[in-house]
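[1] okay, predicted coordinates and the sequence, questions at the end:
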Amino acid sequence: MGREQWKKILVGSAGNMVEWFDWFVYASFATYFAGAFFPDGNPTAQLMNTAGIFAVGFFMRPVGGWLLGRVGDRKGRKAALTLTVTLMSASAVLIAIAPTYAVAGYGGAVVLLVARLLQGLSVGGEYAASATYLTEASDPSRRGFASSFQYVSMTAGQIVGLGLQIVLQRTMSDDALHSWGWRIPFIVGALGAAIIFYLRRNMLESDVYEESADAAGADQKGTIKALWAHRREAFLVMALTMGGTVAYYTYTTYLTKYLSNSAGLSKETATLVSFCALIVFACIQPLAGRLSDRIGRRPLLITFAVGSTFLTVPIMTLLKHAGSFWPALGLALLALVVVTGYTSINACVKAELFPTGIRALGVALPYAIANALFGGTAEYVALWFKDAGAESGFYWYVAGCAAVSLIVYLTMRETRDIDLNRVAAPASAAAQRPAEAV
């Protein structure tokens with residue numbers, strides 16, 4: 001890839017990193033601020049309350065996917081990416097200044113909820129705009145490699161968040177972290193978003209989008225009617241996302257809580273396990289993406305689904321009894337290597353299914369719906385099973401979701417060699433009749 005393509009990938013990835021830093025620090029610092037916004041009581045119940053607000057953010061993602069996907073298809077990928085980081089910055093500021101339960105009662109929880117709604121809007125559009133931009137900005141023979149940087153940057157955001165958490169844990173008392181220290185990462189996130197806003201205002205639009213700007217039917221770009229013409233691909237995105245998003249959130253955002261709340265590891269050890277595992281996970285994404293450029297996308301997706309279907313229950317069971325850092329790290333790495341078959345290439349697979357004029361919305365809306373139903377609720381479902389005294393039920397739930405996606409991977413077409421400029425629209429007369437924009 002040329003220097004110009006690397007520049008596009010760098011700017012897109014850097015912004016994505018800050019977006020997901022803000023998104024994930026909510027989850028990684030929840031153990032410290034859960035008691036700040038809700039009355040004293042059962043720690044698991046407090047975590048369930050914060051996890052519930054975390055899940056609410058996911059339910060705003062379809063709205064964000066629709067709104068910002070439409071912007072991405074009609075105004076350009078650059079416009080959508082700039083808007084997403086603006087919303088994320090505002091949400092980080094709100095969380096940083098939110099009053100506690102002792103000061104404002106449930107008023108602080110309301111501020112927290114509003115901030116998560118804004119984050120949901122932002123991330124609902126960020127995923128698709130980033131996936132589309134990275135896929136379109138790359139050489140056709142390296143789309144898997146280039147788009148893998150989406151999860152490199154997503155994971156880097158979480159690594160930075162966990163790294164900051166480790167630093168704060170080692171430099172601040174536990175009482176200080178619970179009292180006010182948890183606000184620091186949200187201040188950092190807001191400042192980082194401001195920097196990325198400047199970078200994205202000066203980023204280059206993708207050539208694929210610019211070449212389609214004057215294409216016939218431009219008034220249909222980013223509309224629900226145009227997406228409905230590609231409803232088969234939209235449903236495919238939802239189905240192939242189901243297993244991957246549950247597994248990803250299980251072994252990333254939920255892992256730290258699981259190791260401390262269920263496996264009995266200290267918060268510091270649990271955080272260090274996640275931190276080390278995610279560094280390795282980020283490093284292997286481009287390798288898997290490049291492999292998909294050589295052998296195709298389906299082999300990696302199928303490998304992930306088979307591994308997740310049959311290994312989730314034993315991995316989660318062993319993690320609960322790991323007892324110390326090294327066994328927990330080994331098991332976490334095994335799980336994340338399996339998940340890499342999905343994360344490294346899912347962005348380009350989804351983008352390759354749609355024509356340029358509906359690509360951002362086509363990826364954004366069905367992906368956001370699947371995440372709202374499965375990814376955003378994964379942590380809450382896990383805590384619900386734990387609170388009910390049947391924690392192992394969650395392991396089977398994750399495996400079952402992967403099994404459903406496995407069926408999809410086995411029956412879907414290969415997308416590696418698709419020309420992004422020539423993805424065909426449906427041939428039906430209904431799909432080609434002029435219609436008003438939605």
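    Received the coordinates, thanks. In this text the structure is predicted, and so the values were computed from the model without any measurement.

[2] does residue 361 really touch residue 125, like I thought?
    No: Residue 361 is not in contact with residue 125 according to CB atoms under 8 Å; the separation is 9.6 Å. For every residue, glycine as well, the C-beta is placed using N, CA and C.

[3] hmm, who's touching stretch 392-410?
    Here stretch 392-410 makes contact (CB atoms under 8 Å, 6 or more residues apart in numbering) with 236, 239-244, 246-247, 250, 298, 301-302, 304-306, 308-310, 312-313, 316-317, 374, 378, 381-382, 385-386.

[4] which of those are buried?
    236, 239-244, 246-247, 250, 298, 301-302, 304-306, 308-309, 312, 316, 374, 378, 381-382, 385-386 (16 or more other CB atoms under 10 Å).

[5] mind checking which of these are in strands?
    When these are checked against strands (DSSP state E), there are no matches.

[6] from the contacts of stretch 392-410, which land in helices?
    236, 239-244, 246-247, 250, 298, 301-302, 304-306, 308-310, 312-313, 316-317, 378, 381-382, 385-386 (DSSP state H).

[7] thinking again about what came up before, what touches both of residue 361 and residue 125?
    Between them, residue 361 and residue 125 share the contacting residues 65, 69, 72, judged by CB under 8 Å, 6+ apart.

[8] can you list those residues in CSV and add neighbour count, pLDDT and secondary structure?
    Compiled in CSV, the shared contacts of residue 361 and residue 125 are given as follows (neighbours: other CB atoms under 10 Å; pLDDT from 0 to 100; DSSP: H, G, I helix; E, B strand; the rest coil):
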residue, neighbour count, pLDDT, secondary structure
65, 32, 92, helix
69, 31, 94, helix
72, 31, 93, helix
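
[9] tell me the buried residues in stretch 186-193?
    Neighbour count says stretch 186-193 has 186, 188-190, 192-193 buried, by 16+ other CB under 10 Å.

[10] show me the shaky parts of the stretch 51-200 of the chain.
    Residue ranges of the stretch 51-200 of the chain with pLDDT under 70: 51, 54-55.

[11] helices along that one, start to end?
    Read by DSSP state H, counting those that start in this stretch, the stretch 51-200 of the chain holds these helices, from start to end of the chain: 61-74, 77-97, 101-104, 107-136, 143-147, 149-171, 174-179, 184-201.

[12] and the fifth one, what does it pack onto?
    What it means is helix 143-147. helix 107-136, helix 267-295, helix 346-351 (3 or more CB pairs under 8 Å, 6 or more residues apart in numbering; DSSP states H and E).

[13] at 10 Å instead, please
    In terms of contacts (3 or more CB pairs under 10 Å, 6 or more residues apart in numbering; DSSP states H and E), helix 143-147 is packed against helix 3-28, helix 107-136, helix 267-295, helix 346-351.

[14] how distant is the second one from the center of its chain?
    It stands for helix 107-136. 10 Å (CA atoms, centre = their mean, to the nearest Å).

[15] in stretch 10-23, which residues are buried?
    The neighbour-count check on stretch 10-23 (16+ other CB under 10 Å) flags 11-23 as buried.

[16] what does stretch 99-116 give?
    Within stretch 99-116, the residues scored as buried using 16+ other CB under 10 Å are 99-101, 108-109, 111-113, 115-116.

[17] try stretch 318-337
    319-320, 322, 325, 328-329, 331-337.

[18] for the residues you listed, which two are the farthest from each other?
    320 and 337 (19.7 Å; CB to CB).

[19] now do the contacts for the residue nearest to residue 131 when sequence neighbours are not counted.
    Leaving out its chain neighbours, the residue that sits closest to residue 131 by CB to CB, 6 or more residues apart in numbering is residue 347, at 3.7 Å. Residue 347 makes contacts with 127-128, 130-135, 143-144, 146-151, 154, 289, 363, 367, as judged by CB atoms under 10 Å, 6 or more residues apart in numbering.

[20] 6 Å instead?
    131, 147, 150 (CB atoms under 6 Å, 6 or more residues apart in numbering).

[21] you'd agree the first one is up against residue 363?
    Spelled out, that is residue 131. Yes: judged on CB atoms under 6 Å, residue 131 makes contact with residue 363 at a distance of 5.5 Å.

[22] common neighbours of the two, please.
    residue 351.

[23] what about these two, which has more around it?
    residue 363 (32 against 27; other CB atoms under 10 Å).

[24] and that one, how close does it get to residue 412?
    15 Å (CB to CB, to the nearest Å).

[25] residue 128 too?
    Distance of residue 128 to residue 412, given as CB to CB: 19 Å.

[26] of the two, who's got more company?
    The neighbour comparison of residue 128 against residue 412 (other CB under 10 Å) goes to residue 128, with 34 against 18.

[27] can you tell me the closest non-neighbouring residue to that one?
    Counting by CB to CB, 6+ apart, the residue nearest residue 128 is residue 364, at 3.1 Å.

[28] list the contacts of that neighbour.
    65, 69, 128.

[29] go on, residue 112?
    37, 53, 98.

[30] any idea how many residues pack against the last one?
    Think residue 98. Using other CB under 10 Å, residue 98 is surrounded by 23 other residues.

[31] pretty sure it sits against residue 108.
    Yes: shown here, residue 98 and residue 108 form a contact pair, counting by CB under 6 Å, at 5.0 Å.

[32] show me what contacts residue 211?
    No contacts exist for residue 211 under CB under 6 Å, 6+ apart.

[33] just to revisit the earlier point, between the helices and strands packed on helix 143-147, which gets nearest to residue 212?
    It is, among those and with distance given as CB to CB, helix 107-136, at 9.8 Å.

[34] let me know the angle separating the closest one from helix 61-74.
    Using axes from the mean of the first three to the mean of the last three CA atoms, to 10 degrees, the inter-axis angle of helix 107-136 relative to helix 61-74 is 40 degrees.

[35] now the angle from helix 107-136 to helix 77-97?
    Using the same axes, to 10 degrees: helix 107-136 against helix 77-97 is 160 degrees.

[36] report the angle between helix 107-136 and helix 149-171.
    140 degrees.

[37] OK, contacts around residue 115?
    Per CB under 6 Å, 6+ apart, neighbours of residue 115: 91, 94-95.

[38] find the nearest non-adjacent residue to it, please.
    Nearest non-adjacent residue to residue 115 (CB to CB, 6+ apart): residue 94, at 3.9 Å.

[39] swap in residue 265?
    residue 259 (4.6 Å).
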